[in-house]
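Model the structure of this input:
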Amino acid sequence: MADDVLLAETTRGGRVESRHYGAAVVVDAHGGVVFSAGDVTTPVFPRSTVKAFMALPLVASGAADRYGLSDAALALACASHQGEPAHVALAADMLARTGRDYTALECGTHWPLDTTSARALAAAGQDACALHNCCSGKHAGFICLSCATGVDPEHYARPEHPVMQTMASTLTAVTGAAHTQDNRGVDGCAIPTWAIPLPALALGFARLGTGAGLNADHAAAAARLRTAIAANPFMVAGTGQFDTLVMQDVAPYALTKMGAEGVMTVTLPTQGLGIAIKCRDGGIRAAEAAAAALISRFGKLESARLQHFMRRTLKNWNGQIVGELRAAADLAPDHLPANAS
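Presented below is the predicted three-dimensional model:
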């Protein structure tokens, strides 16, 4: 087993204050490893990174067309959104098309992750509901799939439900890794999540970006989802979020998806590559920095936002620059950019 490598570090006063270690791998659509660093063999829970894989049956089954789902809705089905008004309204619309409302969602309730939206909701004297959950778009997609295929959506989040059985088989087909009870856990939104090695996760993203290795229906669905995501990066995350900001700059040449506990994934369709990263301490900021570096390096892409996430200044509450967060030099292109604010 390889030792984990440095993914990113922060400085203060000219000294390294924190170091984030983990693993990263870049894989082509045939499973060839282009780049590997750290322990990529120990299975990790992909968490929310696989939402686009889970949306493949929504499109391939005809459910998306039956309910007239827009590209924005398809992007929301792949999202970890911030609970902003546009996200909430679109998730509600997806459910309404099946004759249901937020009470059908089994993802649980939390306040909007977007602070401005949460404050506005509280100021209006309203409570949060399941529509504000960052996974409500994905869950609305599950309900659309269940209803379109004539299956009662009640308890759709349970592993034995036909929708979750479809998810398990789809994830197995896309990543090439088994998704069984043996490697299954429970995600934050109550559905199953399966631990798989990073190369399998990266392979899935290479396939998502190219269609290679997928059956014809899934390949066509992947192409449609890529278009939807690239056109609607706000729906995938939200204001100020890595996925939205980066894809606003570099989509469709790179599509990104963060997951909880320091997991980050990328597809580079033009190069036919998938990237998977795990920051072992669960720190998403390190995974973002590493992802930006690998996108720039293997996607041969340049943008101000990629540079920002590769190397950004850190400020205190008075606006003083106190240090920086930077991707590890071994991950980056030929050289790290100068400090970006």
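
Now do the strands in the stretch 1-150 of the chain.
For the stretch 1-150 of the chain, the strands defined by DSSP state E, counting those that start in this stretch cover 5-12, 15-28, 33-37.

Make CSV out of the ones you listed and add distance to His110.
C-beta here means a position set from N, CA and C on the backbone, and glycine is covered the same way. Output for the strands of the stretch 1-150 of the chain, formatted as CSV (distance: least, CB to CB, whole Å):
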stretch, distance to His110
strand 5-12, 27
strand 15-28, 26
strand 33-37, 34
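
pretty sure Gly38 is touching Asp3, no?
Yes: because the distance of 7.0 Å satisfies CB atoms under 8 Å, Gly38 is recorded as touching Asp3.

With neighbour numbers in mind, choose between these two.
Neighbour count, other CB atoms under 10 Å: between Gly38 and Asp3, Gly38 has more, with 22 against 9.

can you tell me how far the spatially closest residue to the more buried one that is not a sequence neighbour sits from Val5?
Residue nearest to Gly38 in three dimensions, not counting chain neighbours: Ala23, with 3.1 Å by CB to CB, 6 or more residues apart in numbering. From Ala23 over to Val5 the distance is 7 Å, taken as CB to CB, to the nearest Å.

residues touching the residue nearest to Cys135 when sequence neighbours are not counted, list them.
Excluding its sequence neighbours, the residue lying closest to Cys135 (CB to CB, 6+ apart) is Cys189, at 3.9 Å. Cys189 sits next to Cys107, Gly108, Asn133, Cys134, Cys135, Lys138, His139, Ala157 when contact means CB atoms under 8 Å, 6 or more residues apart in numbering.

With Asn215 instead?
So Asn215 contacts Ala173 (CB under 8 Å, 6+ apart).

try Thr172
Ala178, His179.

and if you look at His132?
Gly83, Val88, Thr109, His110, Trp111, Pro112, Ser117, Leu121.

Find the pair from those with maximum spatial separation.
Using CB to CB, these span at most 14.3 Å, a distance reached by Thr109 and Ser117.

which of the two has more neighbours?
Neighbours were tallied for Thr109 and for Ser117 using other CB under 10 Å; the higher tally belongs to Ser117 (22 against 14).

That one and Glu84 touch, don't they?
Yes: the criterion here is CB under 8 Å, and Ser117 meets it with Glu84 at 4.9 Å.

Pairing partners for Pro192 in the sheet, please.
Val186 (DSSP bridges).

Correction: the previous question concerned Asp28.
With DSSP bridges as the rule, Asp28 is bridged to Leu273.

correct me, but it touches Val34?
Yes: the pair Asp28 / Val34 is scored as a contact, 6.0 Å apart, by CB under 8 Å.

number of nearby residues for the residue nearest to Thr109 when sequence neighbours are not counted?
Closest residue in space to Thr109, ignoring its immediate chain neighbours: Ala130 at 5.1 Å, by CB to CB, 6+ apart. Ala130 has 23 neighbours, counted by other CB under 10 Å.

Contact partners for Ala130?
Ala130 sits in contact with Tyr102, Thr103, Leu105, Glu106, Cys107, Gly108, Thr109, Ser136, His139, where contact means CB under 8 Å, 6+ apart.

tell me which of those is nearest to Ser70?
Ser136 (16.1 Å).

The residue nearest to the closest one when sequence neighbours are not counted and Gly137, how far apart?
With CB to CB, 6+ apart as the criterion, Ser136 has its nearest non-adjacent residue at 4.3 Å, and that residue is Ala91. Using CB to CB, Ala91 is found at 5 Å from Gly137.

Find the residues that touch each one of the two.
Shared contacts of Ala91 and Gly137, counting by CB under 8 Å, 6+ apart, come down to Leu76.

start to end distance for stretch 19-35?
21 Å (CA to CA, to the nearest Å).

So which residues of the stretch 151-300 of the chain form strands?
184-186, 192-194, 255-259, 263-268, 273-279.

Now stretch 211-224: buried residues?
By neighbour count on 16 or more other CB atoms under 10 Å, the buried set for stretch 211-224 is Gly211, Gly213, Leu214, His218, Ala219, Ala221, Ala222, Ala223, Arg224.

Leu214 contacts Ala223, doesn't it?
No: counting by CB under 8 Å, Leu214 does not reach Ala223; the two are 9.9 Å apart.

what's the most buried one of the strands of the stretch 151-300 of the chain?
strand 273-279 (a mean of 29; mean count of other CB atoms under 10 Å).
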